[in-house]
Structures are given as structure tokens and as C-alpha cells.
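Peer 1: Okay, sequence plus prediction incoming.
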Amino acid sequence: MRTIGITGHQALPDAVGTEVDARIRRQLAARDEPVHGVTCLADGADQIFARAVLDTGGHITVIVPAARYRDGLAEHARLSYDELLARAGSVHRLHHIESTEQSHMDASTTMLGRIDELWAVWDGQPARGYGGTADVVALAREHAVPVTVFWPEGASRDR
């Protein structure tokens with residue numbers, strides 16, 4: 001079973017989220033067997049990916065960056081976070097208490113050490129803070145982890 005990690009933007013515009021979801025599901029359907037997904041279950045790309053993996057018969061490992069990680073999620077994303085976390089085959093909790101840029105990057109680094117490839121929902125722009133999507137993609141490439149980018153042409157992550 002192939003292990004795929006996810007990194008990507010949060011708070012995706014509806015049209016972008018819908019297109020990304022469709023593209024991820026097409027990629028998953030094209031595989032010979034279900035995948036093992038690794039995710040932090042952040043709003044946006046992570047939750048889209050996790051739900052698609054589970055819906056196509058795969059399973060997920062969740063890496064929780066910090067004890068207070070859920071508190072830092074957008075309020076609308078918390079219910080989905082709880083549901084997906086409950087469906088995880090395994091959960092790895094880092095020892096951070098606060099949900100910070102450093103704890104997020106540490107979680108991404110941990111994820112990269114557990115995967116065969118990385119899927120990135122990324123507009124190709126620089127990270128807006130340390131540990132953002134661009135930083136994770138750069139680290140993956142530095143460690144020769146194959147990266148597949150999902151981003152609709154002409155789309156913007158700003159609403």
C-alpha cells in the first residue's frame with residue numbers, strides 16, 4: 001500500500017476546493033489499491049484529502065502538531081476534524097502544547113519521514129508563514145520525496 005502525505009492551503013474558495021477534491025479523487029481512483037494517507041487534518045486541503053482517502057477505501061494516520069491544535073482551527077473545520085480524527089487508523093501526537101508555526105513544521109517534517117510521496121494543494125506562491133505549503137514542498141524536494149501539485153489553472157486562494 002502506497003503512503004501519501006498531504007500539504008496545502010487552508011480556507012480554499014468553494015470552487016477551488018471542489019475542483020481539488022475532484023482531482024484528488026480521480027488520482028485515488030486510478031490507483032490499483034487504496035492508499036494510506038498521512039495528514040494533520042487542517043482546514044482545506046488536508047480534510048479534503050483525508051475524506052477522499054477514506055471514501056475510496058484507504059486509511060489515514062493523523063499527526064497532531066500540538067495539544068491545542070484543534071483550538072487553532074477555523075471554527076467551521078472543527079466538526080470535520082473531530083469526525084476524521086475518530087476514523088483514523090492511528091494518531092501520532094507531537095509533544096508541543098501550543099499550535100504554532102514551529103509545531104506545524106515539525107508535524108510536516110514527521111509526515112515526510114513516513115511517506116512515499118507528497119500531494120500538495122499549492123498555488124506555487126511562497127509560504128505566508130513558516131511551515132506553510134511552499135516550505136513543506138521545498139523540504140520534500142530536498143529529501144527526494146516525489147511531489148504532485150494539485151492546483152486549478154488560474155485559481156486564487158484568496159476569496
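Peer 2: Everything's here; your move. Residues are numbered from 1 along each chain as shown.
Peer 1: Just say helix, strand or coil for Val64.
Peer 2: Under DSSP: H, G, I helix; E, B strand; the rest coil, the three-state class of Val64 is strand.
Peer 1: where do the strands sit along this protein?
Peer 2: 3-8, 36-39, 59-66, 90-96, 117-121, 147-149 (DSSP state E).
Peer 1: Of these, which is nearest Arg78?
Peer 2: Ranking those by proximity to Arg78 (CB to CB) places strand 59-66 first, at 13.4 Å. No exception for glycine: its C-beta is placed from N, CA and C like everyone else's.
Peer 1: which residues are in contact with the closest one?
Peer 2: Here strand 59-66 makes contact (CB atoms under 8 Å, 6 or more residues apart in numbering) with 34, 36-41, 50, 53-54, 72, 84-85, 87-94, 96-100, 103-104, 106-107, 110-111, 114.
Peer 1: Export the strands of the chain as CSV, with columns for mean neighbour count and mean pLDDT.
Peer 2: Shown next, in CSV, are the strands of the chain (neighbours: other CB atoms under 10 Å; pLDDT from 0 to 100):
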stretch, mean neighbour count, mean pLDDT
strand 3-8, 26, 98
strand 36-39, 26, 98
strand 59-66, 22, 98
strand 90-96, 14, 98
strand 117-121, 23, 98
strand 147-149, 14, 97
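Peer 1: which one of the ones you listed lies closest to Val16?
Peer 2: Val16 lies closest, by CB to CB, to one member of the strands of the chain: strand 117-121, at 8.5 Å.
Peer 1: and that closest one, what other elements does it pack with?
Peer 2: In terms of contacts (3 or more CB pairs under 8 Å, 6 or more residues apart in numbering; DSSP states H and E), strand 117-121 is packed against strand 3-8, helix 14-29, helix 45-55, helix 133-142, strand 147-149.
Peer 1: now the strands of the chain as JSON lines including distance to Arg23?
Peer 2: Output for the strands of the chain, formatted as JSON lines (distance: least, CB to CB, whole Å):
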{"stretch": "strand 3-8", "distance to Arg23": "12"}
{"stretch": "strand 36-39", "distance to Arg23": "15"}
{"stretch": "strand 59-66", "distance to Arg23": "18"}
{"stretch": "strand 90-96", "distance to Arg23": "26"}
{"stretch": "strand 117-121", "distance to Arg23": "9"}
{"stretch": "strand 147-149", "distance to Arg23": "10"}
